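J.: Sequence first, then the predicted structure, then my questions.
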Amino acid sequence: MAAFTVADGTDWLQTLVFGGPNDRWRLDDYDITMHVKRSGQAEVLIDANLDNGKLVIANAAGRRLEINVGWSDIFAAGPGPFVFDVYFVDRATDIRSRSGPHTITITPAITLPEA
């Protein structure tokens with residue numbers, strides 16, 4: 001499990017690496033989705049996937065996935081602890097898998113931009 005922290009009102013830019021150095025699978029073989037939720041809640045607060053650009057394959061062979069969630073989505077989720085995992089669907093076989101659970105904490109902002 002990885003734990004991330006981002007300040008309210010800022011962008012969440014993070015790179016995740018999946019698999020080991022000798023793995024041969026590639027990220028571009030998968031549809032990839034990530035839902036950020038409060039623990040135990042069904043409501044999706046941040047919906048990130050390849051189609052909406054909030055997930056970006058930075059290196060398919062190296063299995064490097066970038067999280068690119070803008071400040072407005074972070075602000076809308078609000079401060080607090082959240083959970084997420086990364087969901088993979090193989091485009092050729094329709095086999096589904098997911099990463100382990102991860103956490104993100106959105107901390108309250110101290111300095112806010114001028115309106």
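T.: It's in. Numbers count the residues shown, from 1 in each chain.

J.: got any ranges where this protein has weak pLDDT?
T.: 113-115 (pLDDT under 70).

J.: repeat that with 90
T.: 1-2, 9, 20-21, 109-115 (pLDDT under 90).

J.: which residues of it fall in helices?
T.: Assigned by DSSP state H, the helices in the chain fall at 71-77.

J.: now the strands: where do they sit in it?
T.: With DSSP state E, the ranges of strands along the chain come out as 3-7, 12-17, 30-36, 46-49, 55-59, 64-69, 80-84, 86-90, 96-98, 102-107.

J.: Switch these over to CSV; also include distance to residue 24 and mean neighbour count.
T.: Bear in mind the C-beta positions are built from the backbone N, C-alpha and C, glycine included. Listed next are the strands of the chain as CSV, based on distance: least, CB to CB, whole Å; neighbours: other CB atoms under 10 Å:
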stretch, distance to residue 24, mean neighbour count
strand 3-7, 28, 14
strand 12-17, 15, 15
strand 30-36, 14, 20
strand 46-49, 24, 18
strand 55-59, 14, 16
strand 64-69, 15, 20
strand 80-84, 26, 17
strand 86-90, 14, 17
strand 96-98, 15, 11
strand 102-107, 24, 17
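
J.: Dump the ones you listed into CSV; add distance to residue 23 as well.
T.: Below are the strands of the chain laid out as CSV (distance: least, CB to CB, whole Å):
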stretch, distance to residue 23
strand 3-7, 23
strand 12-17, 10
strand 30-36, 13
strand 46-49, 22
strand 55-59, 13
strand 64-69, 12
strand 80-84, 22
strand 86-90, 13
strand 96-98, 13
strand 102-107, 19
